[in-house]
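Novice: Here is a sequence together with a model predicted from it:
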Amino acid sequence: MGSCPMANKTVSEFILLGFSIGRQAEVLLAFIFLAIYIATLMGNMVVLFIVSTDNRLHTPMYLFLGNYSVLDILFTSVISPQLLQILFSNHRSISFAACMTQSYFYFFLGTVEFLLLTSMSYDRYAAICKPLHYHAIMNHHVCFQMVLASWLGGFFSVLFPTIMISRLSFCKSNVINHFFCDSGPLLDLSCSDTSLIELMDFVLSSLVILCSLVLTLVSYMYIILAIMRISTATGRIKAFNTCATHLTIVSISCSISIFFYKEMLEVHKVPAVLTTIICPFLNPFLFTLKNNIVKEALKDTLKQYRETIVLKVWNLWRKRKLAVCKI
């Protein structure tokens, strides 16, 4: 890159431009995003609680769903608090260290998402195509290894590029045309040569997305063939329903990620909102509305707690009644 008049100057903080839609619209958007953020935390915590406490859900499929709920909670929490601060208080500055940390966790958790979805597709393949050997193939040891590999793969794949970005010189401006510290806008502000980092980002992101997509498609080709061989329509519907949630999430995630390859930065804010705010909000509902076992577990849990509360209220009322009678 050519030289710049402020070469080799590293900024201490960045300014997040946000949406630039006016204060009234920003405040309205802030209340909407706050409600969505609270609902996202509560919804994913409910799914996580049900999966961890109900014995019917102690299977590989729901181990992955539980991890996915943890991922959603972390993913939206990386972006939403900073975004709400911008929208409510109009305080747009973020320190250099906080910016690098946010950028790292955004891509780290995004990578884990695709690796987990790929692991879940293999789990569905084993369940439908190898039903007699499913518990031997997807035993607890294998499931733990797949989940651990997903988290470690995301952790290390993003670590080196983030370190390289943090060592760049930023002299063009400290204003990031986004609502969080995305790597693309950050690289645009650097005076250093960023070609190697851009190439590395492209290769790594393409590798993760394409490999996840290809492996998932191959798994579902075998799954569809196996479902077509089921003799009854009821059996085919039941088999497909076990994949419906996963297939829906994969379709949404891949569509948004492919859309990210658009070049207009303003357009990038739309899919970023979808991935960081809307999708984590929708996923708990997809888990419950499209999964009969989770719905049954949720109903049983609510019934149990309702009966417990009614019993406690009844006992409290009886104690007070006896105390009044004694007086």
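Specialist: Structure received.
Novice: does the spatially closest residue to residue 102 that is not a sequence neighbour count as helix, strand or coil?
Specialist: Computed as C-beta to C-beta, 6 or more residues apart in numbering, the closest residue to residue 102 that is not its neighbour in sequence is residue 181, at 4.7 Å. For glycine as for every other residue, the C-beta is placed from the backbone atoms N, C-alpha and C. Here residue 181 is recorded as coil under DSSP: H, G, I helix; E, B strand; the rest coil.
Novice: which residues does the residue nearest in space to the middle of the chain contact?
Specialist: Geometric centre of the chain, nearest residue: residue 72, 3.6 Å, by C-alpha atoms, centre = their mean. Contacts for residue 72 (C-beta atoms under 8 Å, 6 or more residues apart in numbering) come out as 40, 44, 279-280, 283-284.
Novice: and these, which of them are in strands?
Specialist: Using DSSP state E to define strands, no part of the contacts of residue 72 is located there.
Novice: can you pick the most crowded of those?
Specialist: Within these, neighbour counts (other C-beta atoms under 10 Å) peak at residue 280, which reaches 28 neighbours.
Novice: tell me the contacts of it?
Specialist: Applying C-beta under 8 Å, 6+ apart, we find residue 280 in contact with 40, 44, 72-73, 75-76.
Novice: wait, which of the contacts of residue 72 is closest to residue 246?
Specialist: Of all the contacts of residue 72, residue 246 sits closest to residue 283, with 10.9 Å by C-beta to C-beta.
Novice: ok, the closest one touching residue 44?
Specialist: Yes - using C-beta atoms under 8 Å, residue 283 is in contact with residue 44, at 7.2 Å.
Novice: one step back: tell me how far the residue nearest to the centre of the chain lies from residue 135.
Specialist: Using C-beta to C-beta, to the nearest Å, residue 72 is found at 28 Å from residue 135.
Novice: Which helix or strand contains the closest residue to residue 230 other than its chain neighbours?
Specialist: Once flanking residues are discounted, residue 230 sits nearest to residue 236: 4.8 Å by C-beta to C-beta, 6+ apart. In this assignment (DSSP states H and E), residue 236 forms part of helix 233-259.
Novice: What residues sit buried inside that helix?
Specialist: 239, 242-243, 245-247, 249-250, 252-254, 256-257 (16 or more other C-beta atoms under 10 Å).
Novice: Kindly reformat those residues as a markdown table containing pLDDT.
Specialist: Shown next, in a markdown table, are the buried residues of helix 233-259 (pLDDT from 0 to 100):
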| residue | pLDDT |
| --- | --- |
| 239 | 77 |
| 242 | 75 |
| 243 | 80 |
| 245 | 74 |
| 246 | 78 |
| 247 | 79 |
| 249 | 80 |
| 250 | 80 |
| 252 | 74 |
| 253 | 74 |
| 254 | 70 |
| 256 | 68 |
| 257 | 66 |
